[in-house]
Structures are given as C-alpha cells and as structure tokens.
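**Student:** predicted model and sequence below, questions to follow.
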Amino acid sequence: MTGKPAAISASLVDVRNIATHKVVRLEIHVPAEQAGLVLAAFGWPTGVDPVPVAIARLDLSKVTSDTPKPASEPKERRRFVELSLAAQAALRCNEKAFWKFLTDEMNYANIDDAELAADAVRDICGVESRAAIRDGEPSGKRWDRLNADYVNWMHPA
C-alpha cells in the first residue's frame, strides 16, 4: 500500500446496519478492470488494519472523458496477451505476487509496492518509461522473458 491519496470511480449498491458495532456497512462495486488500482492504492484492508477513506457522490454530469466510466458502463475486456506490452507491464506491477517474484527470483530488494515494481521493470527492460516497452524491440523481448519467467514461477510445470 502506497499511502497516497487515490480516487477510483465505483458504485454504491447496498447499505446495511451493523448494530452490534454501531456502524453501517457499505457495499461498493468497482469495475474489475480497476481492481489493480484498488489494490495498489489501498492494499488489502482488514478489521485489524483498516484503510482510512472518504466517500463522495460523483456528479456524473461533470464526468469528463478522462474520468473512469462508472460500473454501469464497463470497458470492453481484452485478454492479457492482446494488451500492449506496456499495458501488460503496468498491470503486472500492481500484482503483489509479481512484487514477491521480483524480490525473491530477480533479486530486487524489498519490492513492496507498484512503484518499486515499476522501477524494477524499467531497469530490467532497459527503458526510462514502461511506455517504451515495445513489441519487436529489445525492451519488448526483455519484457516477454520477464513475464514468461513470472508465469512459470507462478505455475511451475
């Protein structure tokens, strides 16, 4: 968890009274394609280790094209292999298992957030920005090898 402020569009779908704890429980749905953003921003909160957040109602009439679409208008989902290599790298950098892989298998010290993972990926691929990881270039070949090693590490034969 980065501890940095984050805003992610979601839909409030249910409110329940939890009288024994003197609270109300909010059920908020976030589009699946934003799951990585949620984990990168908030980590995995628990009752023992909650994450402080604020709740705001969005004025959808003021939503711009830069604002993520609400859950009622999900983006078209694409398979991971159909994404650009830069997009693949960005998604992987939000996975805690990828952080562990970079630390344990690639010998990077204490990768424990998406930013450190991105630094490691840029270093491994020899680029200054993940956007520069391109198919058919040395950076793309390095990414393909790194990603294949990660997949094999996650699912050993």
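**Tutor:** Perfect, I can see it now.
**Student:** any buried residues in the helix or strand bottoming out on mean pLDDT in the chain, and which?
**Tutor:** Counting by mean pLDDT, DSSP states H and E, the chain has its least confident helix or strand at helix 35-42, which shows a mean of 77. Within helix 35-42, the residues scored as buried using 16 or more other Cβ atoms under 10 Å are 36, 37, 38, 40, 41, 42. Quick note: C-beta positions are derived from backbone N, CA and C, even for glycine.
**Student:** closest to residue 107 among those residues?
**Tutor:** Proximity of those to residue 107 (Cβ to Cβ) peaks at residue 40, which lies at 22.9 Å.
**Student:** touching, that closest one and residue 114? I think so.
**Tutor:** Yes: counting by Cβ atoms under 8 Å, residue 40 does reach residue 114; the two are 4.3 Å apart.
**Student:** domain ranges for this structure?
**Tutor:** 1-77, 80-154 (automatic domain parsing).
**Student:** between those domains, which gets the lowest average pLDDT?
**Tutor:** Ranked by mean pLDDT, those bottom out at domain 1-77, which scores a mean of 73.
**Student:** middle-most residue in the chain, spatially?
**Tutor:** residue 36 (2.1 Å; Cα atoms, centre = their mean).
**Student:** and the residue lying closest to it once chain neighbours are set aside, helix, strand or coil?
**Tutor:** Leaving aside its sequence neighbours, residue 36 sits nearest to residue 94 (Cβ to Cβ, 6 or more residues apart in numbering; 3.4 Å). Following DSSP: H, G, I helix; E, B strand; the rest coil, residue 94 is assigned to coil.
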